[in-house]
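Undergrad: Build the 3D model from these lines:
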Amino acid sequence: MMNPARQCVVDRAMTQRYVRERTGRNDGREVEQYLALAGFRRGTPWCGAFVNWCYVQCGQPVGIRSPALAAAWLSDPKRLVWDGAKGIPLTARARDGPPLPDQPMPGDVAGFRWQSRQIRHVEVVAEWDADEDEDEFLTVGGNTSGQAWPGAVRREGVYVKRRNKEDAVIANWLDATQPITRSTRRVLKPL
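TA: Numbering: from 1, shown residues only. Down below sits the predicted model:
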């Protein structure tokens, strides 16, 4: 059975799969709510703000200074549990606590560089298979593209995606303690 906080984060992310940007400019009712909770305005890339919203809705504020920024989620080396570029799980340690799990788990945060040195995008890990023969995992992410059928308008939104493990860097924000700051105490009602 999955830890209730992890289950909540994944479930909350999944409930947002209908969200799409209104005009394709990082806008729309839900997108603007995600950004507002993170302290940002309409028009800001919102993948990190979406992850932050999922965590806060589940009573798991993380205290990141700029949670809308993708790179902020992977900036603490003590939280990293996977770096696909190295092809191995990392041994991470919770702040002054026991080692974190040595494999990513649902509810963790996956970051992607995609031909860059810096993390450019983050999503919630929805499923992870530790089998070495399995090279993909499932995520739920905001500010990402979905599959478009011929003639369909392709809009950014919240989508479930299959991602390659080699492309991911993953951080565990649920098994380590983090001080709660004034900015992370705000909780929005579920959409």
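
Undergrad: phi, psi of Ala36?
TA: The phi and psi values for Ala36, taken as degrees, to the nearest 10, are phi -60, psi -40.

Undergrad: can you tell me how far it sits from Arg17?
TA: Distance from Ala36 to Arg17, counting by CB to CB, to the nearest Å: 21 Å. The way it works is simple: take the backbone N, C-alpha and C, and place the C-beta from them, glycine included.

Undergrad: swap in Ala5?
TA: As judged by CB to CB, Ala5 and Arg17 stand 20 Å apart.

Undergrad: ok, those two, which is more surrounded?
TA: Applying other CB atoms under 10 Å to Ala5 and Arg17 shows that Ala5 carries more neighbours, namely 16 against 13.

Undergrad: Mind pulling up the pLDDT for that one?
TA: In this prediction, Ala5 carries a pLDDT score of 96.

Undergrad: Wait, a helix at it?
TA: Yes: checked against DSSP: H, G, I helix; E, B strand; the rest coil, Ala5 lies within a helix.

Undergrad: Test my guess that it contacts Trp173.
TA: No: counting by CB atoms under 8 Å, Ala5 does not reach Trp173; the two are 9.8 Å apart.

Undergrad: shared neighbours, these two?
TA: Listed contacts common to Ala5 and Trp173 are Gln60; contacts here mean CB atoms under 8 Å, 6 or more residues apart in numbering.
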